[in-house]
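Q: The sequence and its predicted three-dimensional model are supplied below.
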Amino acid sequence: MDLKSNHTPVLADTAPVTKSRLGVHSTLLPYSHTAATFPHGMLLTIPRKKTGILEDVRSSGWLDAMKSSSPPAKKLTKDVNHGIASSDADTASYFTWLLKYPSALTSFDQITNYAKGKRIALFLDYDGTLSPIVDNPDCAFMSDYMRAAVKKVAEYFPTAIISGRSRDKVFEFVGLTELYYAGSHGMDIIGPVRQSVSDNHPNCIIRSTDKQGKEVNLFQPAAEFLPMINEVLQSLLECTKDIKGAKVENNKFCVSVHYRNVDEKSWNLVGQRVHDVLKAYPRLRLTHGRKVLEVRPVINWDKGKAVTFLLESLGLNNCDDVLPIYIGDDRTDEDAFKVLREGNRGYGILVSSAPKESNAMYSLRDPSEVMEFLKSLVLWKSSPLKSLI
Ligand SMILES: O=P(O)(O)OC[C@H]1O[C@H](O[C@H]2O[C@H](CO)[C@@H](O)[C@H](O)[C@H]2O)[C@H](O)[C@@H](O)[C@@H]1O
């Protein structure tokens with residue numbers, strides 16, 4: 001198959017429609033809002049710009065998109081009453097936003113009431129969720145406290161990390177063998193062996209063994225893109241090497257071009273160079289993350305599909321007694337929030353200290369609140385009276 005052929009991917013713009021939410025009593029729901037829905041199948045769909053989810057840089061206004069996906073840091077002050085750092089003007093809009101996306105900590109009883117008698121499956125993003133956002137992507141270490149919290153929560157609930165990083169890199173950062181890992185935005189998954197999953201994805205699964213010698217399924221739906229991604233990686237390294245602060249990161253099936261440390265006056269240049277390289281690769285697309293441009297294959301696969309795949313692999317898909325919870329901070333996590341919400345399947349929790357539109361149902365301000373939430377889940381689960389009755 002000629003991956004570099006002049007085949008243009010079909011992009012379908014989808015109109016937002018109202019969707020029902022979890023099949024629970026309305027008083028258990030934090031708010032009501034609308035969502036974009038995607039047709040399934042071979043169409044790659046790009047939501048409308050206003051939804052604030054994935055935008056394709058090819059469409060138009062990519063410099064605006066770079067700026068809007070990377071708002072300047074706000075001047076912070078300390079609110080002594082709430083222990084919250086924010087500017088005065090932002091505090092009001094943040095609290096208004098919380099009405100729509102309530103804190104998963106203050107709504108903890110509501111969440112666990114719904115989870116009673118159910119098996120929780122936990123999905124965690126890495127950057128900005130388990131580790132704070134830092135200037136150097138190679139130094140985005142998670143704290144030992146966070147590692148201990150994730151280790152503990154994985155003792156009680158099946159837990160997976162789904163990251164835009166390469167799977168090896170995220171494993172290096174997290175270092176816990178008791179979790180499942182999906183790298184490259186879900187395009188590189190190691191999961192438990194399950195025959196029905198192998199049957200559903202016959203061409204993408206390889207039976208393999210993990211680092212502990214355990215038999216696993218290795219799922220890599222974009223495997224054929226690897227030579228192309230490596231070629232583009234080299235071109236991007238070459239064409240950005242004279243831009244001070246620009247950094248190109250190899251995420252195996254994706255490439256990240258970071259502009260966090262580039263002078264804002266040169267963001268345009270970064271975008272233009274990346275855009276120029278991609279002109280020769282119609283089967284790759286560009287999306288926006290937090291001060292990063294992400295090059296990835298045009299395939300119908302994302303973090304939402306990775307969640308469904310992992311649930312299937314764990315034998316937890318289509319079970320009424322399973323409650324998946326996904327915690328993430330970035331645009332790519334919206335695909336997972338959407339899958340959980342559209343199927344009335346579980347809860348998305350957005351990590352954000354600034355108001356933004358999301359398909360999540362709840363919110364947490366930052367990784368320290370994520371850690372508190374994980375610890376609360378462990379406490380709740382380890383007191384059987386609370387979690388069973
Ligand atoms: O899916 P994730 O685990 O959230 O990964 C998304 C991207 O995260 C990393 O970049 C972001 O975090 C960096 C470290 O804090 C920060 O410097 C950068 O500006 C952020 O965009 C990672 O480096 C990317 O490759 C991931 O795609």
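A: In hand now; what should we look at? Residues are numbered from 1 along each chain as shown.
Q: can you list the residues of this structure near the ligand?
A: 125-128, 133-135, 137, 140, 163-165, 249, 251, 256, 258, 260, 289-292, 294, 330, 332 (Cβ under 6 Å from any ligand atom). Using the backbone N, CA and C atoms, a C-beta is placed for each residue, glycine as well.
Q: Now do the same for the residue of the stretch 151-300 of the chain found nearest the ligand: helix, strand or coil?
A: Relative to the ligand, the nearest point of the stretch 151-300 of the chain is G164 (2.8 Å; Cβ to the nearest ligand atom). For G164, the secondary-structure state derived from DSSP: H, G, I helix; E, B strand; the rest coil is coil.
Q: Look up how far P297 lies from the residue nearest to it when sequence neighbours are not counted.
A: Nearest non-adjacent residue to G164, counting by Cβ to Cβ, 6 or more residues apart in numbering: H185, 4.9 Å away. Distance, H185 to P297, using Cβ to Cβ, to the nearest Å: 10 Å.
Q: Between those two, tell me which one has more neighbours.
A: Using other Cβ atoms under 10 Å, the more surrounded residue of H185 and P297 is H185, with 28 against 24.
Q: Pretty sure the more buried one sits against D333.
A: No - using Cβ atoms under 8 Å, H185 is not in contact with D333; the gap is 9.7 Å.
Q: and for those two, which residues touch both?
A: Overlap of the contact sets of H185 and D333 (by Cβ atoms under 8 Å, 6 or more residues apart in numbering) consists of K303.
Q: any shared contact partners between H185 and P297?
A: Joint contacts of H185 and P297 (Cβ under 8 Å, 6+ apart) are 253-254.
Q: Just the buried ones from the residues of the chain next to the ligand?
A: Burial by neighbour count, 16 or more other Cβ atoms under 10 Å: within the residues of the chain next to the ligand this picks out 125-128, 133, 137, 140, 163-165, 249, 251, 256, 258, 260, 289, 291-292, 294, 330, 332.
Q: ok, back up a step: could you pull up the residues touching the residue nearest to G164?
A: With the criterion set at Cβ under 8 Å, 6+ apart, H185 makes contact with 162-164, 253-254, 294, 296, 302-303, 306, 332.
Q: Which of those lies at the shortest distance from K116?
A: I162 (26.0 Å; Cβ to Cβ).
Q: Now for that closest one, how many residues are close by?
A: 30.
Q: right, and the helix or strand after the helix or strand that contains D109?
A: For D109, the element it lies in under DSSP states H and E is helix 108-115. Toward the C-terminus, helix 108-115 is succeeded by strand 119-124 as the next helix or strand (DSSP H and E).
Q: which other helices and strands contact that next one?
A: If you count contacts as 3 or more Cβ pairs under 8 Å, 6 or more residues apart in numbering; DSSP states H and E, strand 119-124 packs onto helix 144-156, strand 159-162, helix 303-313, strand 322-328, helix 367-381.
Q: The same query, at a cut-off of 10 Å, please.
A: helix 144-156, strand 159-162, strand 180-183, helix 303-313, strand 322-328, helix 333-342, strand 347-351, helix 367-381 (3 or more Cβ pairs under 10 Å, 6 or more residues apart in numbering; DSSP states H and E).
Q: one step back: what's the farthest-apart pair in the contacts of H185?
A: E294 and A306 (15.3 Å).
Q: okay if I get the contacts of H185 as JSON lines plus distance to E372 and pLDDT?
A: As requested, the contacts of H185 are exported to JSON lines (distance: Cβ to Cβ, whole Å; pLDDT from 0 to 100):
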{"residue": "I162", "distance to E372": "21", "pLDDT": "98"}
{"residue": "S163", "distance to E372": "21", "pLDDT": "98"}
{"residue": "G164", "distance to E372": "24", "pLDDT": "98"}
{"residue": "F253", "distance to E372": "33", "pLDDT": "98"}
{"residue": "C254", "distance to E372": "31", "pLDDT": "98"}
{"residue": "E294", "distance to E372": "29", "pLDDT": "97"}
{"residue": "R296", "distance to E372": "33", "pLDDT": "97"}
{"residue": "D302", "distance to E372": "28", "pLDDT": "97"}
{"residue": "K303", "distance to E372": "23", "pLDDT": "97"}
{"residue": "A306", "distance to E372": "26", "pLDDT": "97"}
{"residue": "T332", "distance to E372": "24", "pLDDT": "95"}
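Q: And the closest residue to H258 other than its chain neighbours, how close does it get to T287?
A: Residue nearest to H258 in three dimensions, not counting chain neighbours: K247, with 4.2 Å by Cβ to Cβ, 6+ apart. For K247, the distance to T287 equals 17 Å [Cβ to Cβ].
Q: Please identify which of these two sits among more neighbours.
A: Counted by other Cβ under 10 Å, K247 and T287 do not tie: T287 has more neighbours, with 23 against 19.
Q: wouldn't the more buried one be in contact with K303 here?
A: No - T287 is not in contact with K303 according to Cβ atoms under 10 Å; the separation is 11.6 Å.
Q: hey, what's in contact with both of those two?
A: Common neighbours of T287 and K303, counting by Cβ atoms under 10 Å, 6 or more residues apart in numbering, are 164, 185, 332.
Q: low-scoring stretches of the chain, by residue?
A: Scanning the chain for pLDDT under 70 picks out the ranges 1-61, 69-86, 384, 386-389.
Q: mind listing the helices for it?
A: 62-68, 88-100, 108-115, 144-156, 167-174, 195-200, 226-240, 267-278, 303-313, 333-342, 367-381, 384-388 (DSSP state H).
Q: Could you export the first one as CSV, CA atoms only?
A: What follows is helix 62-68, C-alpha atoms only, in CSV (Å, rounded to 0.1, in the frame of the first residue of the first chain):
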residue,chain,number,x,y,z
TRP,A,62,-3.5,27.6,12.1
LEU,A,63,-1.6,30.4,13.9
ASP,A,64,-4.8,31.4,15.6
ALA,A,65,-5.3,27.8,16.5
MET,A,66,-1.8,27.6,17.9
LYS,A,67,-2.5,30.7,20.1
SER,A,68,-6.0,29.5,21.2
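Q: Flag every buried residue along that helix.
A: The neighbour-count check on helix 62-68 (16+ other Cβ under 10 Å) flags 62, 65-66 as buried.
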